[in-house]
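What would the 3D arrangement of this be:
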Amino acid sequence: SVAIVAACVRRGSDSAGATMRSACENYPTDHGAPQFYQQPHGLQPGWDASSSTVMSGDISGHVSAAACTSQPANGCMRRAISAALLGEGEENEPPILEELGIDFGHIYNKTLSVLWPQRAKLNQNVINDCDFAGPIVFYMILSVLLLFKGKIYFGYVYGVFVTGLVILWVVLNLMSSKGIDVYRTASVMGYCLLPIVLLTAISILVDLRGVAGVVLIPATVAWCTNAAAVFFVIVLEADDRRWLLAYPVMLFYTCFALITIF
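This is a model prediction of the structure:
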């Protein structure tokens, strides 16, 4: 029985060897030696291994391209955002800041006009500018400074500004036949809020409910009123009604001064 089993094993090994030799002789030699590996997942049946950079070892270009398309680096993302904001992307695409109407040059010039209001030095472009970026920034700074004093007045500041703006816009149009739009009124009143912001910053360090407040509060309100009145007098061409225009403006900024102190 042992001899019979040995003969069967020997006959099987001879048959397997013949099968392997036949497979090697019939294998096509176009692609070189036989390749004993599985086809990579996701490749088509007609994939040419000899022309692939994966088989040749030169994979730097393909790997970097795949990395850029699938997972862009933080540096590339920052450059893309900067190009979009400054208009360095597409050739005919304007910058996002320009589409939003944000001009840092006008913001700077208008802020200087508020800090030192002089009618002779006011530029016509600054007067006609209806920018909202500066007022929004001043509103946020004022609210944050009040937050340092323990006053969560974001809603109060916004509500007082909008209510006073609408009332003041109606009064200004009733006092002048030329009229003024609400956007320019909001821009002027928002920019002239800057002295109130400075007063709020001082009130964090100094208690203004004493002698210091008696001096600083009227001076700040007069500063805001004078700056806004200069703009309104030029826009409305109402030189003979300067003090009449200044009165409602003074009431507007007095409300913000009271919010700051109390």
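
Please report how far F262 lies from L147.
According to CB to CB, to the nearest Å, F262 and L147 sit 16 Å apart. The way it works is simple: take the backbone N, C-alpha and C, and place the C-beta from them, glycine included.

again with S203
From S203 across to L147, the span is 13 Å (CB to CB).

For F232, which non-adjacent residue is spatially closest?
L245 (5.2 Å; CB to CB, 6 or more residues apart in numbering).

Relative to P117, how far out is that neighbour?
Using CB to CB, L245 is found at 14 Å from P117.

Comparing those two, which shows the higher neighbour count?
In this view L245 and P117 are compared by other CB atoms under 10 Å, and L245 has more residues nearby, 23 against 18.

these two touch, right, the residue nearest to F232 and F231?
No. Between L245 and F231 there is no contact under CB atoms under 8 Å: 10.0 Å.

just to revisit the earlier point, would you mind writing the CA trace of the strand or helix carrying the residue nearest to F232 as CSV?
Using DSSP states H and E, L245 maps to helix 242-261. C-alpha atoms of helix 242-261 as CSV (Å, rounded to 0.1, in the frame of the first residue of the first chain):
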residue,chain,number,x,y,z
ARG,A,242,-25.3,125.2,10.5
TRP,A,243,-26.3,125.5,14.2
LEU,A,244,-29.8,124.3,13.5
LEU,A,245,-28.4,121.1,11.9
ALA,A,246,-26.0,120.7,14.7
TYR,A,247,-28.7,120.5,17.4
PRO,A,248,-30.2,117.1,16.5
VAL,A,249,-26.8,115.7,15.8
MET,A,250,-25.7,116.8,19.3
LEU,A,251,-28.7,114.9,20.9
PHE,A,252,-27.7,111.8,18.9
TYR,A,253,-24.2,111.6,20.3
THR,A,254,-25.3,112.6,23.8
CYS,A,255,-27.2,109.4,23.9
PHE,A,256,-24.0,107.4,23.2
ALA,A,257,-22.1,109.4,25.7
LEU,A,258,-24.7,108.5,28.4
ILE,A,259,-24.5,104.8,27.4
THR,A,260,-20.7,105.0,27.8
ILE,A,261,-20.8,106.6,31.2
